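Colleague: turn this into a structure:
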Amino acid sequence: MARYKPIHKGLKLLPVDFDQQVIPGSFEHALCHLVDHELDLTEFHARYKNDDEGAPAFDPAALIKIILLAYSRGIISSRKIEAACRENVLFIAVSGDSQPHFTTLAAFVSELGDTAAKLFAQVLLICDRQGLIGREMFAIDGVKLPANASKAKSGTRADYQRQVTKMEAAAQKMLDKHRSADIAQTDEALVQREAKQLARLQQEAQQLREWLEKHSEDRKGAKGGVRLSNRTDNESAKMATGKGVIQGYTGVAAVDEKTQIIVEAQAHGTGSEQELLLPIVKATAALRTPETVMTADAGYHSEANLKALADTSVEAYIPRQRLPKTGRALRRPGHPHRQA
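Modeller: Take a look at the predicted model:
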């Protein structure tokens, strides 16, 4: 029988040169070079005030590398990213064996705010200098993403007002029952359970009252109608997907045709793609030339969108939502009354 050399699996102690793990030409090599030599991280460094006192902080450059490397591998959980920094040699090398806790990673991401958009803009400028953006065609598409919000807490101000009224009525009923129970000296355990229910009802009613005071008007839809608010995340929206109704956002991106560089990305609390076409077209104005062509699928088609594109001389191709009985499916915004 043939004999083979042994194959080692599992734990093995080896000396590791971190620099040798980041191979030139790989994504992680480009990422490290970009963060270390190209990006301006002044705004990130300005957040830290521990020059003379306080504990040492994690280098924001290392945190950015870790997070972007994780995202490129499809890892979006802070706990899983922490585990990768502890167990995966490539993550250990890229992070310089810093091993940040998952709460540090989560806080860093949640506090990025507008700084993330500025980083994105810097990366686009670098891509443009390298000739990676062709400007011949930008393709627009989107996806619906779930938010960390409860569908059950969606509604209009009138809905919330009715909920407050019901809760306060239920709380009053329990108070009356509690007083009667005190007089009759009924089961003490039952009284305690109902007291907890009463406290919970009163707390929920108070939270609703505070929310209503803070949000004095309903959210407005694109056509002037009322859009459902959400008490957990009021910028998100309830929307239908192929897997059912979710509370979330519609993410939309414009991609350059030459090397598939994302030139603009946005997230909106609406399930209507028609509302999102003009904002993303407007956001790409600085990168477009008069010859740049925009393309989008049928979800972005509307007469109002076509007219707005024609008025601003933006060349775009958007198929109708349904094929007409005669003619083709495409219409050029530059000629709103002519079939393409």
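
Colleague: model confidence for the closest residue to Asp59 other than its chain neighbours, exactly?
Modeller: Of all residues not flanking Asp59 in the chain, Ser98 sits nearest, at 7.3 Å (CB to CB, 6 or more residues apart in numbering). Bear in mind the C-beta positions are built from the backbone N, C-alpha and C, glycine included. Note on Ser98: pLDDT of 91.

Colleague: and the residue nearest the centre of the chain, what is it in contact with?
Modeller: Centrality entry for the chain: nearest residue to the mean C-alpha point is Ala267, 6.3 Å, by CA atoms, centre = their mean. Applying CB atoms under 8 Å, 6 or more residues apart in numbering to Ala267 gives the contacts Leu145, Tyr249, Thr250, Gly251, Val252.

Colleague: buried among those residues? Need that as a selection in ChimeraX.
Modeller: Filtering those down to the buried ones (16 or more other CB atoms under 10 Å) takes a single ChimeraX command:
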select :249,250,252
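
Colleague: from the contacts of Ala267, which has minimum pLDDT?
Modeller: Ranking those by pLDDT, Leu145 lands last with 90.

Colleague: which positions in the helix or strand where it lies come out as buried?
Modeller: Assigned by DSSP states H and E, Leu145 falls within strand 137-146. Within strand 137-146, the residues that count as buried by 16+ other CB under 10 Å are Met137, Phe138, Ile140, Gly142, Lys144.

Colleague: got the residues you listed as a markdown table, with distance to Gln203 and pLDDT columns?
Modeller: A markdown table is the format used below for these (distance: CB to CB, whole Å; pLDDT from 0 to 100):
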| residue | distance to Gln203 | pLDDT |
| --- | --- | --- |
| Met137 | 55 | 96 |
| Phe138 | 50 | 97 |
| Ile140 | 45 | 96 |
| Gly142 | 38 | 93 |
| Lys144 | 33 | 93 |
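
Colleague: so where do the helices sit in this structure?
Modeller: Secondary structure of the chain by DSSP state H: the helices cover 18-21, 27-33, 42-45, 60-72, 78-87, 89-95, 102-110, 114-129, 157-184, 188-214, 277-283, 303-311.

Colleague: tell me which of those lies nearest to Thr232.
Modeller: helix 188-214 (10.3 Å; CB to CB).

Colleague: mind giving me the packing neighbours of that closest one?
Modeller: In terms of contacts (3 or more CB pairs under 8 Å, 6 or more residues apart in numbering; DSSP states H and E), helix 188-214 is packed against helix 157-184.

Colleague: and of the buried residues of strand 137-146, the nearest to Cys127?
Modeller: Looking across these and measuring by CB to CB, the closest to Cys127 is Phe138, at 13.7 Å.

Colleague: who touches the closest residue to that closest one other than its chain neighbours in this structure?
Modeller: Spatial nearest neighbour of Phe138, excluding adjacent residues (CB to CB, 6+ apart): Ala254 at 4.6 Å. For Ala254, the contacting residues are Phe138, Ala139, Ile140, Ile262, Val263, Glu264, Ala265, Ile280, Val281, Ala283, Thr284, Met294, by CB under 8 Å, 6+ apart.

Colleague: ok, and for stretch 220-239, which residues are buried?
Modeller: Arg227, Leu228, Ser229, Asn230, Arg231, Asp233, Asn234, Ser236, Ala237, Lys238, Met239.

Colleague: among these, which are in strands?
Modeller: Within these, residues falling in strands by DSSP state E are Arg227, Ser229, Asn230, Ala237, Lys238, Met239.

Colleague: show me which pair in these is furthest apart.
Modeller: Comparing every pair within those by CB to CB identifies Ser229 and Met239 as the most remote, at 14.2 Å.

Colleague: hang on, the earlier thing: from the contacts of Ala254, which would you call buried?
Modeller: Neighbour-count burial (16+ other CB under 10 Å) is assigned, among these, to Phe138, Ile140, Val263, Glu264, Ile280, Val281, Thr284, Met294.

Colleague: so Arg320 sits against Glu303, correct?
Modeller: No. Using CB atoms under 8 Å, Arg320 is not in contact with Glu303, being 10.4 Å away.

Colleague: of those two, who's got more company?
Modeller: Between Arg320 and Glu303, Arg320 has the larger neighbour count (other CB atoms under 10 Å), namely 14 against 9.

Colleague: still on that earlier bit, quick check, nearest of the buried ones among the contacts of Ala254 to Lys80?
Modeller: Using CB to CB, those come closest to Lys80 at Glu264, 28.5 Å.

Colleague: list the contacts of the closest one.
Modeller: So Glu264 contacts Ala253, Ala254, Ile280, Ala283, Thr284, Leu287 (CB under 8 Å, 6+ apart).

Colleague: for Lys151, same thing?
Modeller: Lys238, Val245, Ile246, Gln247.
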